[in-house]
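Chemist: Got a sequence here, can you build the structure:
(one chain, ligands or ions: 1)
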Amino acid sequence: MTRVVVLLSGRGSNFKALLEADLPVTFTAAISNRPDAAGLEHARARGIPAIALDHKNFPSRAAFDETLINEIEKAGADLVVLAGYMRILTKPFVERYADRLINIHPSLLPMFPGLDTHAAALREGVKIHGCTVHFVTPQLDHGPIVIQAAVPVLADDTPATLAARVLAQEHRIYPQAVRWFAEGKLVISDGRVNVREDGVSQWVLSTP
Ligand code: GRF
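Modeler: Got it, this is the predicted structure:
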């Protein structure tokens, strides 16, 4: 079984979607940098170790990430999943988990990296928006793309209505990405991800 540690900072709806997807993985821990993160409840409710590491108690980002690594290693992880983890990771952390660290971002990367992606999409007037699961590299919101889903942008959208439409797709594609990883179907080459489905190599784009 692929051992998965989830890192989160907030409500944890993507974590919940992963838990409910009946994936061929074992969740060995959920770790939050915010002790009050609601997402930790999803772990507690299922008897998965829920670990709160308050980043405010650490003198530096490096010290925090060292402790984070210790906790991940204690739990055991083949894959580290960022699910609304709102803290920039240090280079040593990213390098340690290279090719086994994935993130979900609420835009069609490389468009709209960073925060407030839905407001940015509305400001730019794009007609298609979406979400991306990607392997994490030291460059923020950048890295080999595993899967994307697109949604229409409607004339009367607000950041909140657009976010809700995108979030529904996040809950669909993140479990798919983790399933592929667990099944050994993701091959990274030249900074791109090849998905081996049924012996056939293919590029994958998912639309609703
Ligand atoms: C999601 O929109 C995700 O794409 C972004 O942070 C948000 C987390 O939501 N990285 P949740 O905590 O999974 O509900």
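
Chemist: ok, the residue in the chain that the ligand sits nearest to - how many residues close by?
Modeler: Using CB to the nearest ligand atom, the single residue of the chain nearest to the ligand is G84, 2.7 Å away. Where C-beta positions appear, they are placed from N, C-alpha and C, glycine not excepted. Applying other CB atoms under 10 Å, we find 21 residues neighbouring G84.

Chemist: Look up how far D99 lies from it.
Modeler: G84 is 22 Å from D99, where distance means CB to CB, to the nearest Å.

Chemist: how about A21, secondary structure?
Modeler: The three-state assignment at A21 reads coil, by DSSP: H, G, I helix; E, B strand; the rest coil.

Chemist: How about it: what's its closest non-neighbour residue?
Modeler: Distances taken as CB to CB, 6 or more residues apart in numbering put P175 closest to A21, at 3.5 Å, once the chain neighbours are dropped.

Chemist: Whatever helix or strand the one you found lives in close to the ligand?
Modeler: If you go by DSSP states H and E, P175 is part of helix 159-182. Yes. Using CB under 6 Å from any ligand atom, helix 159-182 comes into contact with the ligand via L167, E170.

Chemist: buried stuff in the helix or strand just after that helix?
Modeler: With elements assigned by DSSP H and E, the helix or strand that comes after helix 159-182 is strand 186-189. Judged by neighbour count using 16 or more other CB atoms under 10 Å, the buried positions of strand 186-189 are L186.

Chemist: cool, stretch 189-200 as well?
Modeler: Going by neighbour count (16+ other CB under 10 Å), the buried part of stretch 189-200 is V193, N194, V195.

Chemist: Output those in CSV; the columns should cover pLDDT and secondary structure.
Modeler: As requested, the buried residues of stretch 189-200 are exported to CSV (pLDDT from 0 to 100; DSSP: H, G, I helix; E, B strand; the rest coil):
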residue, pLDDT, secondary structure
V193, 94, strand
N194, 91, strand
V195, 91, strand
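
Chemist: could you pick out which of those are near the ligand?
Modeler: Checking the buried residues of stretch 189-200 against the ligand (CB under 6 Å from any ligand atom), there are no matches.

Chemist: Mind putting those residues into JSON lines with distance to L186?
Modeler: What follows is the buried residues of stretch 189-200, written out as JSON lines (distance: CB to CB, whole Å):
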{"residue": "V193", "distance to L186": "6"}
{"residue": "N194", "distance to L186": "8"}
{"residue": "V195", "distance to L186": "6"}
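
Chemist: residue boundaries of the helices in the protein?
Modeler: 13-19, 39-45, 61-75, 91-96, 117-124, 159-182 (DSSP state H).

Chemist: what's next to the third one, contact-wise?
Modeler: With CB atoms under 8 Å, 6 or more residues apart in numbering as the contact definition, helix 61-75 has outside contacts at 3, 5, 7, 28-29, 31, 33, 49, 51, 53, 55, 58, 80, 87-90, 92-93, 96-97.

Chemist: quick one on the thing from earlier: correct me if wrong: the residue nearest to A21 contacts F15.
Modeler: No. Look at P175 against F15 with CB atoms under 8 Å: they stay out of range, at 10.7 Å.

Chemist: Nice, that's everything, thank you.
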